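Novice: Dropping the sequence and predicted coords here.
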Amino acid sequence: MSDSADAGAVPELPAERSTSLYGEASSSTELFGAANAPGSPVNRKTSVYGAATDAGSHGVNLPPMELPGLGALGAAGGQGPSTPEPAYRRGAVSLPPELLSANRESADLVASTPSSSSSRLWLGLVVAAGVLLAGVLAYPAWKNRDADMPATAVTEKERASVLLRRDDSVSRDQAIQSLKALTATYPKYTEAQAELVVALSLRLGELQAEAERLRTQGELLQRDIDERAAAQATVDWESRVNALKAQREDVIKLGGPLRIEIDRLRKEVDVLAEALEAAPEVEPTPALAARVKARALHAGVTAAPDALALAERLRNVEGAPKAWSTVARAEYVLSSGSPPESVAQSVSELEALRQADGTLLRPYVLGARLALRQKDPAAARSLLDDVLALNKNHELARKLLEQVSTSAPRP
């Protein structure tokens with residue numbers, strides 16, 4: 001009975017030794033090298049900072065602690081009962097091979113997976129590279145969209161441009177009809193649209209020059225009428241005055257329909273020029289130059305506020321000898337009533353252009369008109385003679401030459 005009781009009883013542990021903090025009684029575990037009794041297990045008792053430690057207070061019992069190597073030494077010396085090895089001192093737990101392989105694969109996947117910020121960065125770079133590649137691949141087709149026009153269309157546009165250089169009304173009307181048919185067939189042919197605006201603007205400028213010529217002719221007739229009526233120098237002065245009045249009436253009658261035609265053409269070309277303003281941010285150089293050329297000439301003929309700015313922009317994009325920017329500036333000087341300094345500058349620019357390109361006849365006509373503005377009929381006559389020598393069908397040059405002869409002082 002006693003043996004069975006002893007077998008079921010819990011073995012008593014040796015008396016606890018409390019751990020003393022900050023140098024309490026010597027019965028507690030000493031820190032910094034204090035020795036314990038040989039063979040006695042080290043049971044530690046802790047106290048909360050500052051709590052009293054007495055005999056009746058057991059505190060918190062901690063498991064036996066064995067420093068590495070001490071257990072082996074104790075066993076070798078036969079000192080004290082053997083203490084079971086703590087769990088953290090036991091051997092490592094071996095995992096099945098499949099779990100070890102899965103763990104390694106998971107670790108490799110985690111190591112190879114970039115962070116979320118890196119993923120976003122790489123995704124952005126991939127998207128940007130895709131957009132850039134698409135733009136590079138699409139640019140040649142977009143760049144050459146005008147060059148993709150049929151050869152017949154390009155040839156027709158070039159032929160119309162050559163006709164415009166002749167500057168007479170018959171050649172210009174042919175060019176206008178050809179360009180209208182071309183733009184109707186190929187509405188996305190930018191260079192043809194721009195050349196149509198150029199042709200219509202040149203036609204508008206010529207009509208305005210004709211209106212100015214008729215106005216000047218009417219003023220000259222009125223001056224002659226007044227002089228003859230005041231002098232009454234001849235017997236038939238009255239019949240002469242009446243004849244001059246009839247001529248003036250004819251001039252006035254011609255001016256009415258001409259003004260209507262100018263207004264109609266002005267509205268037509270304004271619409272086409274406005275459509276050219278809606279340009280893409282980037283376009284091929286030939287299309288850009290054609291667009292700016294058309295807008296600059298239209299602005300110069302209509303005396304638009306941005307005419308000089310557009311002429312300067314055209315000068316920057318067109319090649320030598322800067323022909324059409326010089327023409328656009330001269331058209332603006334004539335249509336806006338510029339001061340004498342601007343007239344003189346434009347006369348000089350037109351002279352340089354005629355020296356560089358003698359086959360473009362518009363600078364000759366513009367130079368003659370500016371010479372008449374400067375009261376220099378001799379210079380005007382010389383230029384008009386050159387025009388008729390190069391193109392005998394130039395009707396405006398012929399009419400202006402007649403005006404020069406009529407306005408010459410009577411002996």
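Specialist: That came through fine.
Novice: low-confidence ranges in the stretch 51-200 of the chain?
Specialist: 51-124, 126-147 (pLDDT under 70).
Novice: again, only using 90
Specialist: Residues of the stretch 51-200 of the chain meeting the criterion pLDDT under 90: 51-149, 188.
Novice: ok, now the stretch 201-350 of the chain?
Specialist: Looking at the stretch 201-350 of the chain by pLDDT under 90, you get 220, 224, 227-241, 277-286, 319, 337.
Novice: Show me the helices in it, by range?
Specialist: In the stretch 201-350 of the chain, the helices defined using DSSP state H, counting those that start in this stretch lie at 237-277, 285-301, 307-317, 323-336, 340-356.
Novice: residue ranges for the strands of the chain, please.
Specialist: 17-18, 44-46, 60-61 (DSSP state E).
Novice: mind checking which of the helices of the stretch 201-350 of the chain is nearest S405?
Specialist: Among these, the nearest to S405 by Cβ to Cβ is helix 237-277 (15.1 Å). In short, each C-beta sits where N, CA and C put it, glycine included.
Novice: Please produce JSON lines containing the helices of the stretch 201-350 of the chain, extended by mean neighbour count and distance to L384.
Specialist: Output for these, formatted as JSON lines (neighbours: other Cβ atoms under 10 Å; distance: least, Cβ to Cβ, whole Å):
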{"stretch": "helix 237-277", "mean neighbour count": "14", "distance to L384": "20"}
{"stretch": "helix 285-301", "mean neighbour count": "24", "distance to L384": "20"}
{"stretch": "helix 307-317", "mean neighbour count": "18", "distance to L384": "25"}
{"stretch": "helix 323-336", "mean neighbour count": "25", "distance to L384": "15"}
{"stretch": "helix 340-356", "mean neighbour count": "16", "distance to L384": "13"}
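Novice: count of residues packed around Y189?
Specialist: The local packing of Y189 (other Cβ atoms under 10 Å) involves 24 other residues.
Novice: I figured it hits M149, correct?
Specialist: Yes. Look at Y189 against M149 with Cβ atoms under 8 Å: they come within range, at 5.7 Å.
Novice: Can you pull the domain assignment for the protein?
Specialist: 16-54, 151-405 (automatic domain parsing).
Novice: mind listing what T234 touches?
Specialist: R240 (Cβ atoms under 8 Å, 6 or more residues apart in numbering).
Novice: Just to check, R329 is in contact with A309?
Specialist: No. Between R329 and A309 no contact is recorded; they are 11.0 Å apart, counting by Cβ under 8 Å.
Novice: sorry, back to before: just send the domains of the chain back as CSV, with distance to L125 too.
Specialist: Below are the domains of the chain laid out as CSV (distance: least, Cβ to Cβ, whole Å):
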stretch, distance to L125
domain 16-54, 58
domain 151-405, 24
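Novice: could I have stretch 321-338 exported to PDB, CA atoms only?
Specialist: The C-alpha trace of stretch 321-338 is given here as PDB (Å, rounded to 0.1, in the frame of the first residue of the first chain):
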ATOM      1  CA  PRO A 321      14.100  81.600-103.200                       C
ATOM      2  CA  LYS A 322      11.200  82.100-100.700                       C
ATOM      3  CA  ALA A 323       8.900  82.900-103.600                       C
ATOM      4  CA  TRP A 324       5.400  82.500-102.100                       C
ATOM      5  CA  SER A 325       6.100  84.200 -98.800                       C
ATOM      6  CA  THR A 326       7.400  87.200-100.800                       C
ATOM      7  CA  VAL A 327       4.200  87.200-102.900                       C
ATOM      8  CA  ALA A 328       2.000  86.900 -99.800                       C
ATOM      9  CA  ARG A 329       3.700  89.900 -98.200                       C
ATOM     10  CA  ALA A 330       3.300  92.000-101.300                       C
ATOM     11  CA  GLU A 331      -0.400  91.100-101.600                       C
ATOM     12  CA  TYR A 332      -0.900  92.300 -98.000                       C
ATOM     13  CA  VAL A 333       1.000  95.500 -98.700                       C
ATOM     14  CA  LEU A 334      -1.300  96.300-101.600                       C
ATOM     15  CA  SER A 335      -4.600  95.200-100.000                       C
ATOM     16  CA  SER A 336      -4.000  96.800 -96.600                       C
ATOM     17  CA  GLY A 337      -2.800 100.200 -97.800                       C
ATOM     18  CA  SER A 338       0.600  99.900 -96.000                       C
END
